[in-house]
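Visitor: Give me the fold of what follows.
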Amino acid sequence: MIKKVLIISPYFPPANAADMQRVRMSLPYFAAFGWDAEMVTVDEKYTDLLKDDLLLQSVPVNIKVHKVKALNKKRTAKIGLGGIALRSLWFYRQKINHLLKNEKFDLIYFSTTQFPICVLGAYWKRRFGVPYIIDMQDPWYSDYYTDKPKDQRPPKYKVAYLLHKYLEAIAMKHVDGLISVSESYITELRDRYPSLNQVPSAIITFGAFEPDFKIAADNKDKFNSLLDPATKNIVYIGRGSTDMYKAIIPVFDALSNGLNNEPGIFNRLKLYFIGTSYAPVGKEIKTIMPLAKQYGLQDNVIEIPQRISYYHTLLTLQQADALFIPGSEHPAYTASKIYPYLLTGKYLLAIFNAQSPALNTLKEYGVKNAYSYDATSEISLKINTFFKEVINGDLTIQEYDKEALKKYSAKNITKLQCELFNRVIGG
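Guide: Numbers count the residues shown, from 1 in each chain. Take a look at the predicted model:
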């Protein structure tokens, strides 16, 4: 018998947001595992994210997508309510009240990092008796920035800190299931809320979605290349911040040494950091270039803080000579972006915190150059060798482990989600 899940994700195509990718990649496969999915999202005209209409090509035409309104950000931001979750909270409440009154749903699934919206799960459960699951793609309430300098904290941090602390407690008190990309997120929540030890949970990473590369290839003429064809280019596309410095420093150190010792060779190399700022258009700030300047690498490191569309990203990764993924100093950081990187088959350098789950995933795939930044002295020579292989063109197509390819496919990731859905509604 088919079951129905109502999925809550304030961001959804054509809005280009990282936190909706799990749902987008899973939608084609839910029905195969016995679940009929409907989406409830915020109309994209109320968001200020980059729009990518090509993302809509990956959404099955039979999926119902309900759209809600949101308050005007220009007005609400003046009182500290700029986030899409708080601006859409009332409209979500009204829309889903209507849906639950008129249709039967077996489950509500919050898959988003716009966590304040999850507080409505407790309300709908009390009023309509529908259980809910929260997907913890990132920590919700966190004291990570408490001891950080003010210039490294998000805007209005103190207000957000107290609000998240209060709302998380409400949502977690009544939640029926948890999904997380990292086991440490679940552990932290259970330490904070002991009742969660009785709640079903699953550690499920993001998945690799091969159809995206066909969409990118079919539309390649729509995008201009960002890379210098006269040099060898190593590319990273994703957010940038000071919490990634520990992973980037060994790379900059090796490049600096290479330029000092063998300038004729290493001047042929450029490192690109693209889409590093999530700030609105025109307000982007470079976070990697200040570090590059400390190493005198401003001629060999290019930072383009403006975000680019998802499929422009995939094409740029394919155009690169090699790829680089820096991890955060936060030990639970997994970097969902590793899966499209792996699907390119490009030569890859990855540096993470030793405790990051991403390192285990990369090793399962068989990635040769995946290291912990804690072993700086040991990886310096290996990074130098990686650079020379890129410069000299001594690269081979990456052959990844077949079992890992299957394990981390979007279809299998969807299967794992549905298994947890079944556990939750089965009591």
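Visitor: List the contacts of L227.
Guide: Each residue near L227 by C-beta atoms under 8 Å, 6 or more residues apart in numbering is listed here: N233, V235, K270, Y272, T316, Q319, A320. C-betas here are computed from N, CA, C, even on glycine.
Visitor: ok, 6 Å please
Guide: N233, Q319 (C-beta atoms under 6 Å, 6 or more residues apart in numbering).
Visitor: helix, strand or coil for I186?
Guide: When classified by DSSP: H, G, I helix; E, B strand; the rest coil, I186 comes out as helix.
Visitor: Check the contact between it and S201; I expect there is one.
Guide: Yes - the pair I186 / S201 is scored as a contact, 5.3 Å apart, by C-beta atoms under 6 Å.
Visitor: Those two: which is more packed in?
Guide: Between I186 and S201, counted using other C-beta atoms under 10 Å, S201 has the larger neighbour count: 23 against 19.
Visitor: got any ranges where this structure has weak pLDDT?
Guide: Residues of the chain that meet the criterion pLDDT under 70 lie in 78-81, 142-161, 280, 335, 376-377, 396-397, 427.
Visitor: all helices for the stretch 101-250 of the chain, in order.
Guide: Taking DSSP state H, counting those that start in this stretch, the helices of the stretch 101-250 of the chain run over residues 120-128, 157-174, 183-192, 211-218, 245-261.
Visitor: which of these sits most buried?
Guide: Mean neighbour count (mean count of other C-beta atoms under 10 Å) peaks for helix 245-261 among these, with a mean of 19.
Visitor: So what's the gap between it and the chain middle?
Guide: Helix 245-261 sits 26 Å away from the centroid of its parent chain (C-alpha atoms, centre = their mean, to the nearest Å).
Visitor: Check stretch 394-410 too.
Guide: 20 Å.
Visitor: Likewise for stretch 221-232?
Guide: 25 Å.
Visitor: you'd agree V119 is up against I170?
Guide: Yes - here V119 reaches I170: they are 5.2 Å apart, a contact under C-beta under 6 Å.
Visitor: before we move on, the earlier item: is it possible to get TSV of the helices of the stretch 101-250 of the chain that adds distance to T113?
Guide: Shown next, in TSV, are those (distance: least, C-beta to C-beta, whole Å):
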stretch	distance to T113
helix 120-128	15
helix 157-174	11
helix 183-192	12
helix 211-218	20
helix 245-261	21
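Visitor: closest one to F421 among these?
Guide: helix 120-128 (14.4 Å; C-beta to C-beta).
Visitor: Contacts for that closest one next, please.
Guide: Helix 120-128 has contacts (C-beta under 6 Å, 6+ apart) with R93, L100, V130, Y132, I170, A171, H174.
Visitor: let's go with 8 Å and repeat that
Guide: Contacts of helix 120-128 (C-beta under 8 Å, 6+ apart): 8, 89, 92-93, 96-97, 100-101, 108, 110, 130-132, 134, 170-171, 173-176.
Visitor: Could you do stretch 297-306 as well?
Guide: Contacts for stretch 297-306 (C-beta under 8 Å, 6+ apart): 226, 240, 252, 255-256, 259, 266-267, 269-277, 279, 281, 284-289, 292.
Visitor: So what's the gap between that stretch and the chain middle?
Guide: Relative to the mean C-alpha coordinate of its chain, stretch 297-306 is positioned 22 Å out (C-alpha atoms, centre = their mean).
Visitor: Can you get me the start-to-end distance on that stretch?
Guide: This stretch, stretch 297-306, spans 20 Å end to end (C-alpha to C-alpha, to the nearest Å).
Visitor: Name the residues of it that are buried.
Guide: Using 16 or more other C-beta atoms under 10 Å as the burial criterion, the residues of stretch 297-306 that qualify are L297, N300, V301, I302, E303, I304, P305.
Visitor: Nearest to Y311, out of the helices of the stretch 101-250 of the chain?
Guide: Here helix 211-218 is closest among the helices of the stretch 101-250 of the chain (C-beta to C-beta), at 4.4 Å.
Visitor: Would you mind writing the CA trace of that closest one as PDB?
Guide: C-alpha atoms of helix 211-218 as PDB (Å, rounded to 0.1, in the frame of the first residue of the first chain):
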ATOM      1  CA  PRO A 211      21.200  12.700 -14.300                       C
ATOM      2  CA  ASP A 212      22.400  16.100 -13.400                       C
ATOM      3  CA  PHE A 213      25.500  15.700 -15.600                       C
ATOM      4  CA  LYS A 214      23.300  15.000 -18.700                       C
ATOM      5  CA  ILE A 215      21.300  18.200 -18.000                       C
ATOM      6  CA  ALA A 216      24.600  20.100 -17.600                       C
ATOM      7  CA  ALA A 217      26.000  18.700 -20.900                       C
ATOM      8  CA  ASP A 218      22.800  19.400 -22.800                       C
END
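Visitor: got the contact list for that helix?
Guide: Residues outside helix 211-218 that contact it (C-beta under 8 Å, 6+ apart): P28, L54, Q57, S58, Y310, Y311, L314, L315, Q318, P340, L343, T344.
Visitor: now swap in stretch 8-16 and tell me
Guide: With contacts defined as C-beta under 8 Å, 6+ apart, stretch 8-16 is touched by 17, 19-20, 23-24, 39-42, 44, 47, 49-53, 55-56, 58-59, 65, 84-85, 88, 92, 96, 108-112, 114, 117-118, 120, 307, 309-310.
Visitor: Between the two ends of stretch 187-202, how far is it?
Guide: End-to-end distance of stretch 187-202: 12 Å, with C-alpha to C-alpha as the criterion.
Visitor: which ones are touching L314?
Guide: Counting by C-beta under 8 Å, 6+ apart, L314 has contacts D212, F213, A216, P340, T344.
Visitor: Mind doing that once more with 6 Å?
Guide: Here L314 is in contact with A216 (C-beta under 6 Å, 6+ apart).
Visitor: Just the element for it, please.
Guide: helix 310-319 (DSSP states H and E).
Visitor: how near is D299 to E389?
Guide: Counting by C-beta to C-beta, to the nearest Å, the separation of D299 from E389 is 22 Å.
Visitor: I meant A370, not that one.
Guide: A370 is 15 Å from E389, by C-beta to C-beta.
Visitor: Have a look at those two and say which one is more surrounded.
Guide: Comparing A370 with E389 by neighbour count (other C-beta under 10 Å), the higher total belongs to A370, at 21 against 17.
Visitor: Which residue is the nearest non-sequential neighbour of D374?
Guide: Distances taken as C-beta to C-beta, 6 or more residues apart in numbering put A354 closest to D374, at 4.9 Å, once the chain neighbours are dropped.
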